[in-house]
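[1] what's the 3D shape of this:
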Amino acid sequence: MLFFYVNGMNRRNKVLVVTPTLGDTKDSRRIDLIKSAGFSVQAAAFDRGSAQARPASCEVITLARISDGNYLARLFRFAGAIAKLRKLCKSASIVHSMSPDLTGLCHLACIGLQPKLVSDVADIREIQISHTPTSALLRSIEAYISIKSDLLIVTSKGFIDWYFNEKLKIKPKNFLVIENKLDESSPPHRASTTSKKIRIGYFGCLRSNWTIKLLLELLKSYPDKFEIHTAGVDMLDEYDLIETSKRVKGFNYLGPYKSPEDLPQMYSRIDLSAIFYPDNNDKIDSFVAKAICRSNRFYEACKFQIPIISFSFCGDGLEVENLKNGLTIDTFNIKEAAKSIKEQLTEHNLKYWKQRSREIPREVYLLVKEAHNLKLRYQALLKSKPII
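    Take a look at the predicted model:
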């Protein structure tokens, strides 16, 4: 969990931001966006002991150490940090939290104080949408704190329509959409290496067993046509990627990486980027929660001019069909999906998708106007009266 505030400026320019872990790519990107909007930032964090994909570009204060696992147990550790958090809130004019549980923590820490409260919703987790009594209670709490927040920031307008309106039964009026785009400081595109085979990459937090099954099926059915490259933190429960790379010819696991500095080399090694989700049922809420927005992989692939493979019934795939920078499939059946990919991946089509990828406007994948938009919202908050 990260907290930021500005030193050396008057109180009306101080921002305290809260995020659930150290060195997460999208959270560190948000730090840089806030700084580029004209606000200096200091960070404080709950340390999970995990590797930092993208360290924060500012000083970091550690509040406590927490472990992944039991969600409710983690809430008790959060609660133990309220007093320290409150001291930071006293010197801030805006408190910007990066997850619903931290928004609740910030509301408690700010009781009797005057900072504006911003809730930034980057994703929707399983516990927020499951059908257990605990999840129902958490949704009620989240609905309350969301209404009480001065500004809601979401990754996709779909979050407002599907999650807040339909699931939480609230209609937030003051919200801002900031997609998971790359910042302008991300490293430049690097020319791709060449290969006789078509190289497909699967990068990021590697959670999708279905994706690995599909990639292995492509190697099994068409060994002379495909080569697979994976990179990132292995979070799979059905595969050990190190062992898989040793056992399966044509399957490569590059290990964890740092973003953004490692991205150019990774993407230069592939011809297509695979963007799918862990769930193999598009009717369940956990799939919809991911499918209503575009993933980090989408913006990275666009930045590095790499065509995309995705589902036709998700946000990434719908945009691929709009931009014509890749192919989509419409089935969860592994063999049918592999056959569809093989049939669509002709030399002519791949050449066309690569050309389309080179023509994508930069505002599709880069944060171009977002810092200005955020600055205007911050300024509007500082001029308004607090919510009672």
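[2] give me the number of residues near residue 189?
    Counted by other Cβ atoms under 10 Å, the residues lying close to residue 189 total 15. In this view, the C-beta of every residue, glycine as well, is placed from N, C-alpha and C.
[3] gap between it and residue 149?
    Separation of residue 189 from residue 149 (Cβ to Cβ, to the nearest Å): 38 Å.
[4] do the same with residue 336
    45 Å.
[5] between these two, which one's more packed in?
    residue 149 (24 against 12).
[6] list the buried ones in the helix-or-strand element of the chain with minimal mean pLDDT?
    None of the helices or strands of the chain scores lower by mean pLDDT, DSSP states H and E than helix 71-79, at a mean of 75. Using 16 or more other Cβ atoms under 10 Å as the test for burial, helix 71-79 gives 74, 78.
[7] now do whichever helix or strand comes after that helix, average pLDDT.
    Reading on from helix 71-79 to the C-terminus, the next helix or strand found by DSSP states H and E is helix 82-89. What helix 82-89 shows for mean pLDDT is 89.
[8] buried sites along helix 82-89?
    In helix 82-89, counting by 16+ other Cβ under 10 Å, buried: 85-86, 88-89.
[9] turn those residues into a markdown table, columns for distance to residue 277.
    Formatted as a markdown table, the buried residues of helix 82-89 follow (distance: Cβ to Cβ, whole Å):
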| residue | distance to residue 277 |
| --- | --- |
| 85 | 33 |
| 86 | 38 |
| 88 | 36 |
| 89 | 36 |
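[10] need the max-distance pair from those.
    86 and 88 (7.3 Å; Cβ to Cβ).
[11] what stretches of this protein score poorly on pLDDT?
    In the predicted model of the chain, residues 1-12, 68-72, 191, 280-282, 385-388 satisfy pLDDT under 70.
[12] apply 50 and report the result again.
    For the chain, the stretches with pLDDT under 50 are 5-9, 387-388.
[13] domain assignment for it?
    11-178+367-383, 198-364 (automatic domain parsing).
[14] which phi and psi does the nearest residue to residue 312 once chain neighbours are set aside have?
    Counting by Cβ to Cβ, 6 or more residues apart in numbering, the nearest residue to residue 312 once its immediate chain neighbours are dropped is residue 328, at 3.9 Å. Phi and psi for residue 328, reported as degrees, to the nearest 10, are phi -130, psi 160.
[15] please report how far residue 328 lies from residue 311.
    6 Å.
[16] within the helices and strands, which one has the residue lying farthest from the centre of the chain?
    Distance from the C-alpha centroid of the chain peaks at residue 224, with 34.1 Å (Cα atoms, centre = their mean). Residue 224 belongs to no helix or strand when assigned by DSSP H and E.
[17] so it sits right up against residue 197, yeah?
    Yes. Residue 224 is within contact range of residue 197, at 7.4 Å (criterion: Cβ atoms under 8 Å).
[18] against which helices or strands is the longest helix seen in the chain packed?
    Across the chain, the longest stretch assigned as helix under DSSP state H is helix 133-148. Secondary-structure packing of helix 133-148 (3 or more Cβ pairs under 8 Å, 6 or more residues apart in numbering; DSSP states H and E): helix 100-109, strand 116-121, helix 126-129.
[19] who's in contact with it?
    If you take Cβ atoms under 8 Å, 6 or more residues apart in numbering as the criterion, helix 133-148 is touched by 72, 100, 103-104, 107, 117, 119, 127-129, 152, 164, 167-170, 172, 387.
[20] at 6 Å what do you get?
    Contact with helix 133-148 is made by 100, 103-104, 107, 119, 127, 168, 170, as judged by Cβ atoms under 6 Å, 6 or more residues apart in numbering.
[21] ditto for stretch 201-208
    211, 229-236, 270, 273-274, 276, 278, 297.
[22] cool, and stretch 162-170?
    124, 139, 143, 147, 171-172, 292.
[23] and that stretch, C-alpha only, in PDB?
    Extracted C-alpha coordinates of stretch 162-170, given in PDB (Å, rounded to 0.1, in the frame of the first residue of the first chain):
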ATOM      1  CA  TRP A 162     -21.700  -3.000 -14.800                       C
ATOM      2  CA  TYR A 163     -20.200  -2.900 -11.400                       C
ATOM      3  CA  PHE A 164     -21.200   0.300  -9.700                       C
ATOM      4  CA  ASN A 165     -24.700   0.700 -11.300                       C
ATOM      5  CA  GLU A 166     -25.700  -3.000 -11.500                       C
ATOM      6  CA  LYS A 167     -23.800  -4.700  -8.700                       C
ATOM      7  CA  LEU A 168     -23.400  -2.000  -6.100                       C
ATOM      8  CA  LYS A 169     -26.700  -0.400  -7.000                       C
ATOM      9  CA  ILE A 170     -25.300   3.200  -6.900                       C
END
